[in-house]
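S.K.: Please find the sequence and the predicted model below.
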Amino acid sequence: MGNKISSRSNSENMNTTTIYKQEQHQSCCCCCKKQVSYRIPALVYLSDDQTFLAFAEKRKSLSDTSAEVLVMRRGTRNDGKKIKEVEWVSGHELLTSACLPDHRSMNPCPVYERDSKTLFLFFVCVPNGVSEYEQIRTNRSQGRLCYVTSKDAGKTWSQTTDLTADVISEQVQDWAPFAVGPGHGVQMKSGRLIIPAYAYRYTDKSNCTSCCCLSFCCFTSYALAFYSEDKGNTWKVGKQMDVESCECEMAEIIDDNGTSILYCNARTQLGYRREALSHNSGEDFNNVLTPTKLIETENGCQGSVLSFLEQSSPPKTWLLYTHPSDPKKRENLVLYLNKSPLDPSGWSDVRILHHGPSAYSDLVEYEPGHFACLFECGKDHENEEIAFLLFELPEKKM
């Protein structure tokens, strides 16, 4: 099993725009430099406004525990017929309402509700200084499931709604760390809103090297979905997948019979990606696909998945997927295509989106056959910047 990268892909040049860049500032109190980093990209496109919103975490360093606040940049298309013209507002906006006191905001996950024209931005709030390891060591989830909304394309935002007590109060007793996404959510054709998520659960202590405390080997992460059937007024939690699956994104597939199926693509530490199907719109993912082609980097990395309609008669659902292609390190962000999305052997590489260090990414389709990707990358390290790219699929690959 492996991802073969074609020579044609290697020859392509992709034009990118830097959206967020790691910074170092001189400290006012000493000669030391203060670092500002940006991680965990999430992207949404609002067609009515021809606007891209690019979200990320602003951090004091690359460490998860140094995350502070969510940030956003706005990009507007100048001409819908020219795919390389997006004008980005200078500087980023701090989403100061997307927070809880004494907590850091993490894992942006936007989803747009088309009927009410409401943008939901989900995220998790974790107490300052509390690490993922600490939550596992104590077998106690301390995260909060939160969202803010905007009805004017991100110009203004509501105050934070904390759903933890209403949606997952019982599950939290069995969970250690949990998080949403990261990356975009989905609104299905039925109107159901889907927020991909995962949670760690205590599984087995038999492999522990120490009997005095819990450790990562005692816990396994399992993907799940939060969903709403009433345009986001109330939310429910689906059942966790019963096999290892971590950070994930989801996409709706319409099969040849017109049946809706929710597809999940998740990170693992098994050397391959986890793919699974839900036939009840995210209430569970009982159909786990046999892994064949999509490898996972060592220790895993988030990847993005997107479904779109191929322009045929009748239209068919195809899947796009982005992920670093190297099995050992986060390097060479590749775009994959599956024309038979219910078949895990149907994946093929299309092109390299970024040569060199690269990591987390998020995909959107902004008009039929035209796509955008927001992704972590750099020359020496995969977290030097978050870049934005517009692209189309090569005709020969279609």
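M.R.: Looks like it came in fine. This one's a predicted model, so the numbers in the text were calculated from it and none came from an experiment.
S.K.: What residues sit buried inside stretch 296-304?
M.R.: Using 16 or more other Cβ atoms under 10 Å as the test for burial, stretch 296-304 gives 296-297, 300-304. All C-beta atoms are positioned from the backbone trio N, CA, C, and that covers glycine.
S.K.: In a markdown table, list these along with distance to Phe122.
M.R.: Putting these into a markdown table (distance: Cβ to Cβ, whole Å) gives the following:
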| residue | distance to Phe122 |
| --- | --- |
| Glu296 | 25 |
| Thr297 | 25 |
| Gly300 | 21 |
| Cys301 | 21 |
| Gln302 | 15 |
| Gly303 | 19 |
| Ser304 | 16 |
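S.K.: Parallel or antiparallel, which strands does the lengthiest strand in the chain pair with?
M.R.: Identified as the longest strand of the chain according to DSSP state E is strand 347-367. Here strand 347-367 is paired, per DSSP bridges, with strand 331-338 (antiparallel), strand 370-377 (antiparallel).
S.K.: Which positions in that strand come out as buried?
M.R.: Result for strand 347-367 [16+ other Cβ under 10 Å]: buried residues 347, 349-366.
S.K.: who's in contact with stretch 173-182?
M.R.: Residues outside stretch 173-182 that contact it (Cβ atoms under 8 Å, 6 or more residues apart in numbering): 40-42, 106-109, 122-124, 132, 135-136, 139-141, 143, 145, 168, 172, 195-202, 219, 226, 247-249, 302, 360, 362.
S.K.: Next, the distance between the ends of that stretch.
M.R.: 23 Å (Cα to Cα, to the nearest Å).
S.K.: Just give me how far it sits from the chain centre.
M.R.: Its chain's C-alpha centre and that of stretch 173-182 lie 14 Å apart, by Cα atoms, centre = their mean, to the nearest Å.
S.K.: Check stretch 145-154 too.
M.R.: For stretch 145-154, the distance to the chain centre is 17 Å (Cα atoms, centre = their mean).
S.K.: Identify each buried residue in that stretch, please.
M.R.: 145-150, 153-154.
S.K.: Pro315: which of those residues is nearest?
M.R.: Nearest to Pro315 out of these is Ala153 (Cβ to Cβ; 27.7 Å).
S.K.: give the contact list for that closest one.
M.R.: Counting by Cβ under 8 Å, 6+ apart, the residues that Ala153 touches are 46, 48-49, 51, 53, 119.
S.K.: Can you check the pLDDT for it?
M.R.: Note for Ala153: predicted pLDDT of 96.
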